[in-house]
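S.K.: Just the structure for this:
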Amino acid sequence: MTVLNQPLTMGDVLKYEVNPNYTRETITLLAGMPYPVGSILGRITASGKYKLATSGGSDGAQTASAVLLYAVDATLADATGIVVARGPAIVSRAALAYDATVDDGAKIITKIGQLAAAGILARDTA
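M.R.: Below you'll find the model as predicted:
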């Protein structure tokens, strides 16, 4: 029997939010890559654009501050995305997507803690 896999959707990532008019923002994603649903993003201080939150660096994007709700292809140019930028909100930890530099448990815990500071809680059972 053939197994079909459906890509993740917003419903797989976002499990609870108090009010979409309060918790969500429309943002600009930095060009250069496709961003999957559930991407943990950081804001670049100088430009105000977002990219995957890294585990190092000093451009501001090293601090996780939002979770992308819909996949966005920003391969060729900057693109618009919709994120959960503040809580109260709960996201599924299993559906989150990290930058390649966030490559071990300690770095993942750090990113989840940074999201929690913005009121976005990652839950295993969500």
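S.K.: so where's the protein uncertain?
M.R.: By pLDDT under 70, the low-scoring segments of the chain are 126.
S.K.: Longest helix in it, please.
M.R.: The longest helix of the chain (DSSP state H) is helix 105-117.
S.K.: Contacts for that helix next, please.
M.R.: 40, 53, 55, 63-65, 67, 91, 93, 98, 101-102, 121-122 (Cβ atoms under 8 Å, 6 or more residues apart in numbering). In short, each C-beta sits where N, CA and C put it, glycine included.
S.K.: what do you get if the cut-off is 10 Å, keeping everything else the same?
M.R.: Outside helix 105-117, the residues that touch it by Cβ atoms under 10 Å, 6 or more residues apart in numbering are 40-42, 53-56, 62-67, 84, 87, 89, 91, 93, 96, 98-99, 101-102, 104, 120-123.
S.K.: Taking these, please make a PyMOL selection of just the buried ones.
M.R.: Per 16 or more other Cβ atoms under 10 Å, the buried members of the contacts of helix 105-117 correspond to this PyMOL selection:
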select buried, resi 40+41+42+53+54+55+62+63+64+65+66+67+84+87+89+91+93+96+98+99+102+120+121+122
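S.K.: Mark which of the contacts of helix 105-117 are part of strands, please.
M.R.: Among the contacts of helix 105-117, the residues falling in strands (DSSP state E) are 40-42, 64-67, 84, 89, 91, 120-123.
S.K.: Now the two most distant members of the residues you listed.
M.R.: By the measure Cβ to Cβ, Gly42 and Arg123 form the most distant pair in these, at 21.2 Å.
S.K.: Can you give me every residue that contacts the residue nearest to Ala71 when sequence neighbours are not counted?
M.R.: Leaving aside its chain neighbours, Ala71 sits nearest to Val37 (4.9 Å; criterion: Cβ to Cβ, 6 or more residues apart in numbering). Going by Cβ under 10 Å, 6+ apart, Val37 touches 7-14, 67-72, 95-97.
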